[in-house]
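Novice: take this sequence and fold it.
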Amino acid sequence: MKIDLALIWEHTPMFGKFLWAVLLFMSVWSLSVAIGKWWTLRKAQKETIKFAPEFSQFLEEDNLTEAIKLAEGYKRSHVARVLGGALGEVKPLIADGSITVADINTAERAVEREMLMELVQLKRGLAILATVGATAPFVGLLDLGPCVRREHVQSLVDACAATRIQARVTSIPPTVTIPVPDDWDAFLASRGKQTRTKLRQTEKRIFEQYHDVELAVIDDPARCEDLRRYNQLNRRVFQLVHAEALQGRGVVISLTDCYRHTEYGEPIVALKSYVLSPFAQQERMRDIVEHVLAARDRVLAEAHNSV
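Specialist: Numbers count the residues shown, from 1 in each chain. The predicted structure follows:
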């Protein structure tokens with residue numbers, strides 16, 4: 001299988017090409033920093049291996065002048081730069097042969113100062129690697145937003161076909177639908193025994209409390225007018241609950257004008273309550289349900305009185 005990158009580049013939209021260029025620049029930049037750091041540390045390690053024995057020998061002989069010259073000759077060794085620089089600063093203090101506590105403190109500070117300067121040099125470029133590593137994935141994701149259009153997808157499919165890569169476009173429905181039986185009894189028969197018992201008990205309580213309730217399949221086109229009345233009921237219930245919430249009492253819920261569409265294209269209006277806290281108590285949830293049911297009873301009473 002051969003992939004023609006030139007053909008894929010030809011069918012890539014302008015914004016995608018720009019992002020490709022940005023990602024390529026970030027890759028080259030980060031690779032150059034990484035390779036540069038590797039090469040520097042490799043040279044420093046080799047020179048340090050050569051520098052350490054000779055430097056130790058000069059110190060044993062109290063030959064500070066030669067030790068400093070030796071350190072100046074190994075420019076790539078980080079150990080040589082630290083020790084050589086610190087030794088050059090304290091050499092005048094110990095030249096007379098008498099070393100005091102102040103001289104020792106001065107030597108320690110000189111070594112620490114050289115170490116800090118060397119750390120700054122060694123850390124140079126690490127911020128670039130961190131920035132590129134953190135932002136590169138999100139730069140790539142930008143191409144999924146404004147660039148993914150129907151014509152771009154088709155261009156990509158054509159490019160894949162030209163390079164003998166099998167590709168096809170599959171449409172994704174806006175909502176996930178689960179097929180259920182056509183009637184309520186068939187739905188209950190498809191459930192387990194325990195679930196079926198609980199649903200039967202709930203159904204019995206509903207019929208005992210509301211004598212005019214009827215269970216129906218909402219996707220049945222014959223129920224279109226019933227669905228529209230149901231949608232209007234939900235809108236009115238939301239208005240009442242929302243009005244109470246604005247007055248500082250009641251609960252806060254939301255409303256969607258299209259929870260989903262029925263099979264015949266009618267939108268379904270639904271009430272929503274988002275519980276974001278994991279510490280929500282059962283009493284609070286029951287309070288939400290009671291307010292919604294109370295608002296529903298008020299709406300039904302208003303409709304009954306208007307008849």
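
Novice: make it CA atoms for all contacts and neighbour counts henceforth
Specialist: Noted.

Novice: please pull out the lowest mean pLDDT helix or strand from this structure.
Specialist: helix 150-162 (a mean of 63; mean pLDDT, DSSP states H and E).

Novice: flag every buried residue along the helix or strand that it is followed by.
Specialist: Next helix or strand after helix 150-162 toward the C-terminus (DSSP states H and E): helix 184-189. Applying a neighbour-count criterion of 16 or more other Cα atoms under 10 Å, one finds Leu188 buried in helix 184-189.

Novice: go on, stretch 220-228?
Specialist: 224, 227.

Novice: do stretch 53-71 as well
Specialist: 55, 58, 64, 67-68, 70-71.

Novice: from these, which land in helices?
Specialist: Counting by DSSP state H, the buried residues of stretch 53-71 place 55, 58, 64, 67-68, 70-71 in helices.

Novice: looking at these, which is nearest Leu126?
Specialist: Of all these, Ala71 has the smallest distance to Leu126: 26.8 Å, by Cα to Cα.

Novice: what sits against that closest one?
Specialist: Counting by Cα atoms under 8 Å, 6 or more residues apart in numbering, Ala71 touches 51, 55, 80-81, 83-84.

Novice: want to throw the residues you listed into JSON lines with secondary structure, pLDDT and distance to Cys224?
Specialist: JSON lines is the format used below for the contacts of Ala71 (DSSP: H, G, I helix; E, B strand; the rest coil; pLDDT from 0 to 100; distance: Cα to Cα, whole Å):
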{"residue": "Phe51", "secondary structure": "helix", "pLDDT": "80", "distance to Cys224": "90"}
{"residue": "Phe55", "secondary structure": "helix", "pLDDT": "77", "distance to Cys224": "94"}
{"residue": "Ala80", "secondary structure": "helix", "pLDDT": "79", "distance to Cys224": "87"}
{"residue": "Arg81", "secondary structure": "helix", "pLDDT": "76", "distance to Cys224": "85"}
{"residue": "Leu83", "secondary structure": "helix", "pLDDT": "74", "distance to Cys224": "88"}
{"residue": "Gly84", "secondary structure": "helix", "pLDDT": "74", "distance to Cys224": "90"}
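
Novice: give me the buried subset of those.
Specialist: So, by 16+ other Cα under 10 Å, the buried ones in the contacts of Ala71 are 51, 55, 80-81, 83-84.

Novice: closest one of those residues to Val269?
Specialist: Closest approach to Val269 among these (Cα to Cα): Arg81, at 74.7 Å.

Novice: that closest one and Leu116, how far apart?
Specialist: 12 Å (Cα to Cα, to the nearest Å).

Novice: please apply the same query to Lys75.
Specialist: With Cα to Cα as the criterion, Lys75 and Leu116 are 17 Å apart.

Novice: kindly report the same for Phe51.
Specialist: 21 Å.

Novice: before we move on, what about Pro13?
Specialist: 49 Å.

Novice: one more: Met26?
Specialist: Met26 is 29 Å from Leu116, by Cα to Cα.

Novice: looking at these two, which one has more neighbours?
Specialist: When Met26 and Leu116 are compared for neighbours, Met26 comes out ahead with 19 against 13, by other Cα atoms under 10 Å.

Novice: find the nearest non-adjacent residue to the more buried one, please.
Specialist: Val132 (6.3 Å; Cα to Cα, 6 or more residues apart in numbering).

Novice: measure how buried that neighbour is and give me the count.
Specialist: Neighbour number of Val132 under other Cα under 10 Å is 17.

Novice: which residues touch the helix or strand hosting it?
Specialist: Assigned by DSSP H and E, Val132 falls within helix 126-141. Helix 126-141 is contacted from outside by 19, 23, 26-27, 30, 33-34, using Cα under 8 Å, 6+ apart.

Novice: cool, and stretch 266-282?
Specialist: By Cα under 8 Å, 6+ apart, stretch 266-282 touches 224, 227, 230-231, 234-235, 238, 252-262.

Novice: am I right that Arg236 sits in a strand?
Specialist: No. In this structure, Arg236 is helix, not part of a strand, as judged by DSSP: H, G, I helix; E, B strand; the rest coil.

Novice: surely it meets Arg298?
Specialist: No. The criterion here is Cα atoms under 8 Å, and Arg236 misses it with Arg298 at 9.7 Å.

Novice: which residues of this structure score low on pLDDT?
Specialist: Within the chain, the segments meeting pLDDT under 70 span 1-5, 7-8, 11, 89-104, 106-107, 143-157, 159-184, 210-217, 276-278, 307.

Novice: how is it divided into domains?
Specialist: 5-143, 180-215, 217-306 (automatic domain parsing).

Novice: just put the ones you listed in CSV and tack on distance to Asp158.
Specialist: Shown next, in CSV, are the domains of the chain (distance: least, Cα to Cα, whole Å):
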stretch, distance to Asp158
domain 5-143, 9
domain 180-215, 39
domain 217-306, 34
